[in-house]
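Peer 1: Output the structure for:
(chains A and B)
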Amino acid sequence: MAMNNSFTRCALKVIVALSSPMTRSFAQATAPPLSPTNIFAPVSTPADTIFGLSLFVLAITAAIFVTVFALLAYAVVRFRKRSDDDGREPPQVYGSNQVELAWTVIPVLVVVALFMATARVIGSVQKAAQPSNAIEVIAIGHQFWWEYRYPGLHVVTANELHVPVSDPAHPTPTFIKLLSADTDHSYWVPRLAGKTDLIPNRTNHMWIAPRETGLYLGQCAQYCGTQHAKMLLRVYVQSRDDFDRWIQEQSQAPSLSGAASEGRHIFETTACINCHAVAGTVADGRFGPDLSHLMSRETIAAGAAPNTPENLRRWIQNPDSIKPGSRMPAMELSDRELDAVTTYLTTLR
Amino acid sequence: MSTDSIALPRPREASRPLVDQLHDWVTTVDHKRLGIMYILFALFFLVVGGIEATIMRIQLIRPQNDFVSPEVFNRMFTMHGTTMIFFVAMPILFGFANYLVPLMIGARDMAFPRLNAFSFWLSAFGGILLYFSLVGANGLYGAGNAPDVGWFAYAPLTAQTFSRGHSTDFWTLAVLVSGFGSIGTAINILATILCLRCPGMKLGKMPLLAWLNLVMAGLVLLAIGPLTAAQMMLSLDRYLGAHFFDTQAGGSAVIWMHFFWIFGHPEVYVLVIPAFAFVSEIIPVFSRKAMFGYPIMVAATVAIGFLSMAVWAHHMFTVGLSSNANTFFVLSTMAIGVPTGIKIFNWLATMWGGKIHFQTPMLFCIAFLFQFLIAGLTGIMLSAAPFDWQLGNSYFVVAHFHYVIVGGILFALFGAFYYWFPKMSGKMYNETLGKVHFWLFVLGFHLTFDFMHVPGVLGMPRRIYTYEPGRGWDTWNLIVTIGVFFQALGILVFIGNLVWSRVKGNAAGSDPWDAWTLEWTTSSPPPAYNFAIIPTVKSRRPLWDLKHPEDPDWKYE
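Peer 2: Okay, the predicted model is just below:
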């Protein structure tokens, strides 16, 4: 047991050593040119640790590949039938217990090494305790968008998650409780963490501790229906001040001006309010995204289109033109009504 | 040892009316004819499933492409997966088992010939049922058409709430019905191998192909049961108000996953163990050496069989199982790498010191070794649960299991086709066309599935009908799609070769490969009764003993 412990500690040290400096240089070197969703460009703790383990696993599998491939290539070249073959059968060999024992024991040792390193990382991610200063978020998967609730902070928003940056010296991680309103979904922002599923009738958990500000992308990774492909994830990692300001703005009801009263009237007297909520008004539906601070978001339709008045109008007129199979019905409004509702929505800041 | 003197009834058959000949095929209980029917049925669906894959790849050739709608794309991946697993891979492997097992153990037929025919027709009916959904599943308000819930059909997407109409029911019934066919065939293979071996063929003297099919049949019996139960529960949910998987009424989506994968992972080994069987027959013959470490190969196969029952939740590392559960399934999954590795080493050792002949069957087996090695290593990566939290459900996984199924199983199957085609048809295939097929397929396979790993690492999830530009996925997807066309071309050459050789090929003779197992003692194609006199064997390679009376195997085994 003592040996096991010292071994795993050693393996973990290798992982940490591999992950910290290399992670950073690799992340900076490769993230923008290759892909904004590269799993090998982590900027947050679980993704960092996983990256370290990945390198360890990749190194071992690469070594196995080189060894076995070399044996195969050698056998194919060395033992091919020659053109001057005498036609006699080669010596028949039926087996060798010593050789069999060797290529059983060595793989067993490799498996033990891989297993112990992996078990350590599983524990470090799944058993991490939630510190008292952690941000708590509830993420609820819907067909085909994300609902976010910040319990205690009175914030409800959709599709764009805001979290504070976490200083590695004084971590302020974000703990996310994962729920589903309908089918299975999966939360995957590769540069922050591995994926965790959102399953109806079940509560799952994940956490992130991003160490760099920025926008991190991802998308639903469990097939959830027609528009699984356009259920995109956007996580805004902000400085603590920016994050606090954002929370402050989001936790207040929008200031409604009289200028858009016609649109507001249409919105509140049609089916819109069955599904959508606007804080401080009669609209309190929960099937669709909360629109209280719609204009503070950069995208609509779970990241499928930029949030512009033109796209909003197009979306209300016919959601299928942006996202065929979306759950929102075409609202069958007249041009005048469309303009009015769009104007009303653009006042929701 | 030549049996050319046996009078064949075949020449008269050609002159019989076509209707009579077809009637013979439909009513046959001959294991060889049923085997060939299984194989032809599966080849037809291989082309259908391949067309579905091609449609998906054209849609994904560039970001935000508009070739098919999301609905059609979702039906395509559901039908592609279901077709390839249940109506291509399983029937084609059952076909070879049906054809080869009785011949290789010196029997005149399977243990239960009528059950054999019944099983085939059940499987065929399942396939027809699945595709009948295209016209029959309209259901409510035209909702329906082909099923679109994915081949593992996770709850609650299959509940009435999310899946109107009857498409999911066609899927359920197709899988259920063909599952009963699989169970029948598994019982038949088990009974045949255990009861009908020829005199002298103790279990330890069986060809490896028989041993591996024995393990495969045992796994089928254990694995299909949970799947059948789950399909019945799903139907109860949908029509009789049960709530097994209906999360809106308190059911559990995760229970479906357990049921499905406790079938689904042994299923992988149901498919790959027969592929191991082909390779274990072909490599020795083309290296001109006895199989290295036969008892260890048997033990490794049995070990894989047992272990494969205890690894299913590695498909569920992301569903939020406890860290203890995840850790257990990491260990069991990694452990299965040991017996698999032993197999690869034994095949290498068989080639070591041999005189390797590079005809088409051997080329496919060498490519199998190379590709199965890589598939196993990406499997090790996925078995490390945290790595799987990143790679799971991404294109990396899609690339990994296609490496297993295409790079491993299909390559071994092509090897088997070329190796046993002379026995089944009596004609020799065209070696040049065989090599053209091999190289086209190697090129297409590697273009498609090597490069498919990359978008997975770059964050591309599977089952998306389109993707955003600017994610760095475009070029990789383009290359992947180009590879598909080389594979399709390879398949055309393959089918062309089979058809042309069947009609115009040279007579093969009973033993074209100078091989060592019993199927090569009888004529090509074998008579309905297989052997005029049931053979008696003394070793694992009865023909070696006959050809080398001065140095027979039984002295050493």
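
Peer 1: Quick check on the residue in the stretch 51-200 of chain A that chain B sits nearest to: phi, psi?
Peer 2: Per C-beta to the nearest C-beta, A:Gly194 is where the stretch 51-200 of chain A lies closest to chain B, at 2.4 Å. C-beta here means a position set from N, CA and C on the backbone, and glycine is covered the same way. Main-chain dihedrals, A:Gly194, degrees, to the nearest 10: phi -70, psi 170.

Peer 1: quick one: contacts for the spatially closest residue to it that is not a sequence neighbour?
Peer 2: Nearest non-adjacent residue to A:Gly194, counting by C-beta to C-beta, 6 or more residues apart in numbering or on different chains: B:Trp389, 2.4 Å away. Counting by C-beta atoms under 8 Å, 6 or more residues apart in numbering or on different chains, B:Trp389 makes contact with A:46, A:50, A:125, A:193-196, B:317-318.

Peer 1: what does B:Ile224 give?
Peer 2: B:Ile224 neighbours (C-beta under 8 Å, 6+ apart): B:179, B:182-183, B:186, B:263.

Peer 1: And the pLDDT for it?
Peer 2: Looking at B:Ile224, its pLDDT stands at 96.

Peer 1: Not counting sequence-adjacent ones, nearest residue to it?
Peer 2: B:Gly179 (4.8 Å).

Peer 1: same question, B:Ala290
Peer 2: In this structure, B:Ala290 finds its nearest non-sequential neighbour in A:Gln92, 5.0 Å apart by C-beta to C-beta, 6+ apart.

Peer 1: still on that earlier bit, any idea how far the residue nearest to B:Ile224 is from B:Gly150?
Peer 2: Distance of B:Gly179 to B:Gly150, given as C-beta to C-beta, to the nearest Å: 18 Å.

Peer 1: and what of B:Ser167?
Peer 2: B:Ser167 sits 12 Å away from B:Gly150, taking C-beta to C-beta as the criterion.

Peer 1: Can you list the low-confidence ranges for the stretch 1-150 of chain B?
Peer 2: B:1-14, B:138-144 (pLDDT under 70).

Peer 1: try 80 this time
Peer 2: Residue ranges of the stretch 1-150 of chain B with pLDDT under 80: B:1-15, B:135-144.

Peer 1: Alongside chain A, which residues does it contribute?
Peer 2: The stretch 1-150 of chain B has residues B:69-71, B:74, B:148, B:150 near chain A, with proximity defined as C-beta under 8 Å from any C-beta of the partner chain.

Peer 1: rerun at 7 Å
Peer 2: Residues of the stretch 1-150 of chain B lying close to chain A (C-beta under 7 Å from any C-beta of the partner chain) are B:69-71, B:74, B:150.

Peer 1: which of the residues you listed count as buried?
Peer 2: For the residues of the stretch 1-150 of chain B next to chain A, a burial check counting by 16 or more other C-beta atoms under 10 Å in any protein chain shown picks out B:70, B:74, B:150.

Peer 1: OK, contacts around the last one?
Peer 2: Spelled out, that is B:Gly150. If you count contacts by C-beta atoms under 7 Å, 6 or more residues apart in numbering or on different chains, B:Gly150 has them with A:223, B:77-78, B:463.

Peer 1: outside of stretch B:306-322, which residues touch it?
Peer 2: With C-beta under 7 Å, 6+ apart as the test, stretch B:306-322 has contacts from A:186, A:195-197, A:199, A:202, A:204, B:219, B:222, B:254, B:257, B:261-262, B:264-266, B:269, B:325-326, B:329, B:332-333, B:335-336, B:383, B:385, B:388-389, B:392-393.

Peer 1: Same check on stretch A:197-206?
Peer 2: By C-beta under 7 Å, 6+ apart, stretch A:197-206 touches A:139, A:141, A:175-180, A:182-187, A:193, A:196, A:222, B:156, B:247, B:250, B:252-254, B:318-320.

Peer 1: likewise stretch B:347-364?
Peer 2: Stretch B:347-364 has contacts (C-beta under 7 Å, 6+ apart) with A:71-72, A:75-76, A:79-81, A:85, A:90-91, A:93, B:279, B:282-284, B:286-289, B:291-293, B:369, B:411-412, B:414-415, B:418-419, B:431, B:434-435, B:438.

Peer 1: cool, stretch B:200-213 as well?
Peer 2: B:97, B:100-101, B:104-106, B:189, B:193, B:197, B:273-274, B:276-277, B:280-281, B:291, B:294, B:297-298, B:301, B:517, B:536-540.

Peer 1: ok, now stretch A:255-270?
Peer 2: By C-beta under 7 Å, 6+ apart, stretch A:255-270 touches A:273, A:281-283, A:331, A:337, A:340-341, A:343-344, A:347.

Peer 1: any chance of those in JSON lines, plus neighbour count and distance to chain B?
Peer 2: Output for those, formatted as JSON lines (neighbours: other C-beta atoms under 10 Å in any protein chain shown; distance: C-beta to the nearest C-beta, whole Å):
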{"residue": "A:Ile273", "neighbour count": "18", "distance to chain B": "23"}
{"residue": "A:Thr281", "neighbour count": "17", "distance to chain B": "29"}
{"residue": "A:Val282", "neighbour count": "10", "distance to chain B": "27"}
{"residue": "A:Ala283", "neighbour count": "19", "distance to chain B": "25"}
{"residue": "A:Met331", "neighbour count": "18", "distance to chain B": "20"}
{"residue": "A:Glu337", "neighbour count": "17", "distance to chain B": "27"}
{"residue": "A:Ala340", "neighbour count": "20", "distance to chain B": "31"}
{"residue": "A:Val341", "neighbour count": "25", "distance to chain B": "27"}
{"residue": "A:Thr343", "neighbour count": "18", "distance to chain B": "29"}
{"residue": "A:Tyr344", "neighbour count": "25", "distance to chain B": "29"}
{"residue": "A:Thr347", "neighbour count": "17", "distance to chain B": "29"}
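
Peer 1: Could you check the pLDDT of A:Asp48?
Peer 2: 96.

Peer 1: what helix or strand is B:Phe372 on?
Peer 2: Assigned by DSSP states H and E, B:Phe372 falls within helix B:360-383.

Peer 1: re earlier: out of the contacts of stretch B:306-322, which sit inside strands?
Peer 2: A:186, A:196-197, A:204 (DSSP state E).

Peer 1: number of nearby residues for A:Thr203?
Peer 2: 12 (other C-beta atoms under 10 Å in any protein chain shown).

Peer 1: I should have written B:Leu498 there, sorry.
Peer 2: Neighbourhood size, B:Leu498 [other C-beta under 10 Å]: 23.

Peer 1: cool, and A:Lys323?
Peer 2: Neighbourhood size, A:Lys323 [other C-beta under 10 Å]: 23.

Peer 1: backbone phi and psi for it, please?
Peer 2: Main-chain dihedrals, A:Lys323, degrees, to the nearest 10: phi -150, psi 80.

Peer 1: thought it was touching A:Ala229?
Peer 2: No. Between A:Lys323 and A:Ala229 there is no contact under C-beta atoms under 7 Å: 9.2 Å.
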